[in-house]
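> Quick one: sequence plus predicted model below, questions after.
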2 protein chains.
Amino acid sequence: MISSIAELISDRIGTMPAGERRAAQTLIANYPLTGLKTVAEFSAAAGVSSPTILRFVARLGFQNYPEFQSALQDELAAQLQSPASRTLDPASPAGGAVSPMLEATLDNLRETFRHLSDRQLADIAKTLAERRGKTFLIGGRFTDPLARYMAAHLTIIQPDVYHLAGQESIWRDRLIDMGKRDVLVIFDIRRYQESLIRFAEKARQRGVQIVLFTDQWLSPIARFARHVIAGRTAVPSAWDSSAALFVVAETLIGAVTRQLETAGAKRIRDLESLR
Amino acid sequence: MISSIAELISDRIGTMPAGERRAAQTLIANYPLTGLKTVAEFSAAAGVSSPTILRFVARLGFQNYPEFQSALQDELAAQLQSPASRTLDPASPAGGAVSPMLEATLDNLRETFRHLSDRQLADIAKTLAERRGKTFLIGGRFTDPLARYMAAHLTIIQPDVYHLAGQESIWRDRLIDMGKRDVLVIFDIRRYQESLIRFAEKARQRGVQIVLFTDQWLSPIARFARHVIAGRTAVPSAWDSSAALFVVAETLIGAVTRQLETAGAKRIRDLESLR
DNA sequence: CAAAATACGTAACATACGATACAGCGCTCT
DNA sequence: AGAGCGCTGTATCGTATGTTACGTATTTTG
């Protein structure tokens, strides 16, 4: 069973003529980067001519050079998306077989935050904290609880926080209250929900600032969003995981709370006295 | 000090116009692969036009698109050659400055699962999967979204799953439907809610099997529970974190799904055909 | 050793790619 | 409410890229 192009090459390298073999060796030497460059660069690196490179990829079974490059990119994408397979991780095997779910989730968290800078988080927190209007939160079928979770916290530290629940027609009517000073937080992972997309589009038309929590493939709503948070969702389960988005949400809640410390503290005291 | 292009982007993403920001977001979402494709593919993925992509890379300081791609490739080459550096440093130099929240959450997850055996998880999954009656889920002020999240999944793979929402008087009346063949899943972290404790006690008297998600100090409900899951909640924030409980919930959802695979698969098909 | 076959590189070609000019649009600010 | 500015997309252009044909070199075989 041959899965990667590298294997394919080392499998056939024996049957290749000298020039193509040099091409193969230089590609393997720093795989797969040389293959992502242009034919001219590849040929220069290997010390052969361009046609030799093309014959080489043809021998591997590809119709043309772009097809070969696409295959390499796909392979690379698969590698980058599952860091677990790459890192041998001498730290954990002792703790071992605990739960593949846990391992995958830990990876997802690390990956998600790796693509998320402090700066970005601070910007979003600022958007949520300093909004001069109202905050609305909504989610999809499985992610709506995340919207609720966030709303439950935010509503304590600042006024005018609303979770949009129930039927589509209900939120649609709330659009009339929304304007450019307002913020809309949307959670949407695949399979992306049509109703949410429509809603986001209309909100955008009214000037609402949209903060989107989505997966790494980006919901179409990203088009309308001011801020996009892309969380990793792949786990060894029949379902996608929302854990990464959950943790980002908690992080944001914490950041917003810190920013509103002075104003928020008073509000919390007031709330306490109401009980 | 800005070393990677990803940092450069997240540094300037705030100052970018909407279109270029979309480009930046799609690139970050699955970095750096989109940047290695052609301008046309990049623009299609981001949902913007080609010139916007070019303006985007120009804003990052590159003279032209090929120069930008070369920079990405160099970066990738450095990463691939030293796989170790990838997990340790790239974004988080000291292993920590990114987000203390993340570090704390990762610790919480590991600690939580360390005290949770496979056996225990399997038992709880079995309880949920093989119950002959109904499943009820309920949570506290901040944890109710977790109950909803779990309910949203379970209800797809098995019948008679109910999330208890709204006012206390409403759930109390549902007690009448509960018996010893039923399972009640409760989420309760401090400050523990009186109403939930009362409810749990009454349910216990009726013979209901209780599965409790709580924090490491254990809600009083633990007295009545058949199964107790204690999650770590401490994070550097004004709020406690429910992330560990969230991940345990996801793990259980996955386990239950696997156990009901045959029966569940049919149910899922039936549901699909209803849409 | 000769002749054929295979491999390789040079050079010309066509395509598709990145770059640019321009016009329309929405947004902000006065 | 109007004028100005900045952003974005359409259409066009030049060029670098992949591709192919062909001639030369090299190896293989009788």
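The structure has been received and is ready for your questions.

> Just want the residue of the stretch 1-150 of chain A that's nearest DNA strand D.
A:Asn64 (2.5 Å; CB to the nearest atom of the strand). Glycine gets a C-beta too; all of them are placed from N, C-alpha and C.

> list the contacts for that residue?
With contacts defined as CB atoms under 8 Å, 6 or more residues apart in numbering or on different chains, the neighbours of A:Asn64 are A:Val57.

> Tell me which stretches of chain A form strands.
For chain A, the strands identified by DSSP state E occupy A:135-139, A:161-163, A:183-188, A:209-215, A:227-231, in order along the chain.

> Where do the helices of the stretch 51-200 of chain A begin and end?
Using DSSP state H, counting those that start in this stretch, the helices of the stretch 51-200 of chain A run over A:65-81, A:83-86, A:100-114, A:118-129, A:144-157, A:168-174, A:194-205.

> For the shortest one, give the mean pLDDT please.
Rounded to a whole number, the mean pLDDT of helix A:83-86 is 47.

> Looking at strand pairing, list the partners for the closest residue to A:Ala222 other than its chain neighbours.
Closest residue to A:Ala222 in three dimensions, ignoring its sequence neighbours and counting by CB to CB, 6 or more residues apart in numbering or on different chains: A:Val228, at 5.0 Å. Under DSSP bridges, the beta-bridge partners of A:Val228 are A:Leu212.

> Correct me if wrong: A:Val228 contacts B:Ala23.
No. The pair A:Val228 and B:Ala23 does not pass the contact test of CB atoms under 8 Å, sitting 11.4 Å apart.

> of the two, who's got more company?
The residue with more neighbours, out of A:Val228 and B:Ala23 and counting by other CB atoms under 10 Å in any protein chain shown, is B:Ala23; that gives 28 against 25.

> Write out the residues of chain A neighbouring DNA strand D.
Residues of chain A lying close to DNA strand D (CB under 7 Å from any atom of the strand) are A:Thr38, A:Val39, A:Ala40, A:Ser50, A:Pro51, A:Leu54, A:Asn64, A:Tyr65, A:Pro66.

> Can I get those residues in CSV including distance to A:Ala165 and pLDDT?
Output for these, formatted as CSV (distance: CB to CB, whole Å; pLDDT from 0 to 100):
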residue, distance to A:Ala165, pLDDT
A:Thr38, 54, 92
A:Val39, 56, 94
A:Ala40, 59, 92
A:Ser50, 61, 92
A:Pro51, 64, 93
A:Leu54, 59, 93
A:Asn64, 53, 91
A:Tyr65, 53, 94
A:Pro66, 48, 92
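
> Just give the nearest non-adjacent residue to A:Leu80, would you?
Counting by CB to CB, 6+ apart, the residue nearest A:Leu80 is B:Leu33, at 7.0 Å.

> Now do the contacts for the one you found.
With contact set as CB under 8 Å, 6+ apart, B:Leu33 has these partners: A:Gln73, A:Leu76, A:Ala77, A:Leu80.

> Who wins on neighbours among these?
For those, neighbours were counted using other CB under 10 Å, and A:Leu76 has the most, 20 neighbours in all.

> where's the residue nearest to that residue when sequence neighbours are not counted relative to A:Ile9, distance?
Excluding the flanking residues, the one nearest A:Leu76 by CB to CB, 6+ apart is A:Pro32, at 6.2 Å. The spacing between A:Pro32 and A:Ile9, counted by CB to CB, to the nearest Å, is 10 Å.

> same check, this time on A:Asp182
Separation of A:Asp182 from A:Ile9 (CB to CB): 56 Å.

> Do you know the pLDDT at the residue nearest to A:Leu80?
B:Leu33 is assigned a predicted lDDT (pLDDT) of 90.

> Measure how far stretch A:48-65 is from the centre of its chain, please.
The chain centroid and the centroid of stretch A:48-65 are separated by 35 Å, computed with CA atoms, centre = their mean, to the nearest Å.

> For it, buried residues please.
Counting neighbours by 16 or more other CB atoms under 10 Å in any protein chain shown, one finds that the buried residues in stretch A:48-65 are A:Val48, A:Thr52, A:Ile53, A:Leu54, A:Arg55, A:Phe56, A:Val57, A:Arg59, A:Leu60, A:Phe62, A:Tyr65.

> List the contacts of the second one.
For A:Thr52, the contacting residues are A:Gly19, A:Glu20, A:Ala23, A:Ser43, A:Ala46, taking CB under 8 Å, 6+ apart as the criterion.

> and if you look at the fourth one?
A:Leu54 makes contacts with A:Val39, A:Tyr65, as judged by CB under 8 Å, 6+ apart.

> Kindly state the pLDDT recorded for A:Ala91?
At A:Ala91, pLDDT is 41.

> before we move on, what about the one 3 residues further on?
The confidence metric pLDDT takes the value 39 at A:Ala94.

> so A:Phe113 touches B:Pro100, yeah?
No. A:Phe113 is beyond contact range of B:Pro100, at 11.4 Å (criterion: CB under 8 Å).

> So for the two, which residue has more residues nearby?
Between A:Phe113 and B:Pro100, counted using other CB under 10 Å, A:Phe113 has the larger neighbour count: 26 against 14.

> Can you mark which positions in stretch A:233-252 are buried?
In terms of neighbour count (16+ other CB under 10 Å), stretch A:233-252 has its buried residues at A:233-235, A:237-252.

> Which residues lie in contact with the nearest residue to A:Phe246 once chain neighbours are set aside in this structure?
For A:Phe246, ignoring the flanking residues on the chain, the nearest one in space by CB to CB, 6+ apart is B:Phe246 at 5.1 Å. B:Phe246 makes contacts with A:Ser242, A:Ala243, A:Phe246, B:Leu146, B:Tyr149, as judged by CB under 8 Å, 6+ apart.

> Now do the contacts for the first one.
Looking back up the chat, that one is A:Ser242. The contact partners of A:Ser242, by CB under 8 Å, 6+ apart, come to A:Phe142, A:Thr143, A:Leu146, A:Phe187, A:Ile189, A:Gly231, A:Thr233, B:Tyr149, B:Phe246, B:Glu250.

> again with the last one
Shown in contact with B:Tyr149 (CB under 8 Å, 6+ apart): A:Phe142, A:Pro145, A:Leu146, A:Ser242, B:Phe246, B:Ala249.

> Just the closest of the residues you listed to DNA strand C, please.
Of all the contacts of B:Tyr149, DNA strand C sits closest to A:Leu146, with 28.3 Å by CB to the nearest atom of the strand.

> what's the burial count for the nearest residue to that closest one once chain neighbours are set aside?
Counting by CB to CB, 6+ apart, the nearest residue to A:Leu146 once its immediate chain neighbours are dropped is A:Phe187, at 5.0 Å. Neighbouring residues of A:Phe187 were enumerated by other CB under 10 Å; the total is 30.

> how about A:Phe187, what does it touch?
Taking CB under 8 Å, 6+ apart as the definition of contact, the neighbours of A:Phe187 are A:137-140, A:143-144, A:146-147, A:212-214, A:242, A:245.

> pretty sure A:Val57 contacts A:Gln63?
No. If you go by CB under 8 Å, A:Val57 and A:Gln63 don't touch, sitting 9.0 Å apart.

> Output stretch A:109-120 as CSV, restricted to C-alpha atoms.
Output in CSV follows, covering the C-alpha atoms of stretch A:109-120 (Å, rounded to 0.1, in the frame of the first residue of the first chain):
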residue,chain,number,x,y,z
LEU,A,109,-6.6,23.3,21.5
ARG,A,110,-2.9,23.9,20.8
GLU,A,111,-3.4,24.2,17.1
THR,A,112,-6.3,26.6,17.4
PHE,A,113,-4.4,28.9,19.7
ARG,A,114,-1.3,28.7,17.5
HIS,A,115,-3.3,30.4,14.8
LEU,A,116,-4.7,32.9,17.2
SER,A,117,-2.5,35.8,18.3
ASP,A,118,-2.8,37.7,21.6
ARG,A,119,-3.3,40.7,19.5
GLN,A,120,-6.3,39.2,17.7
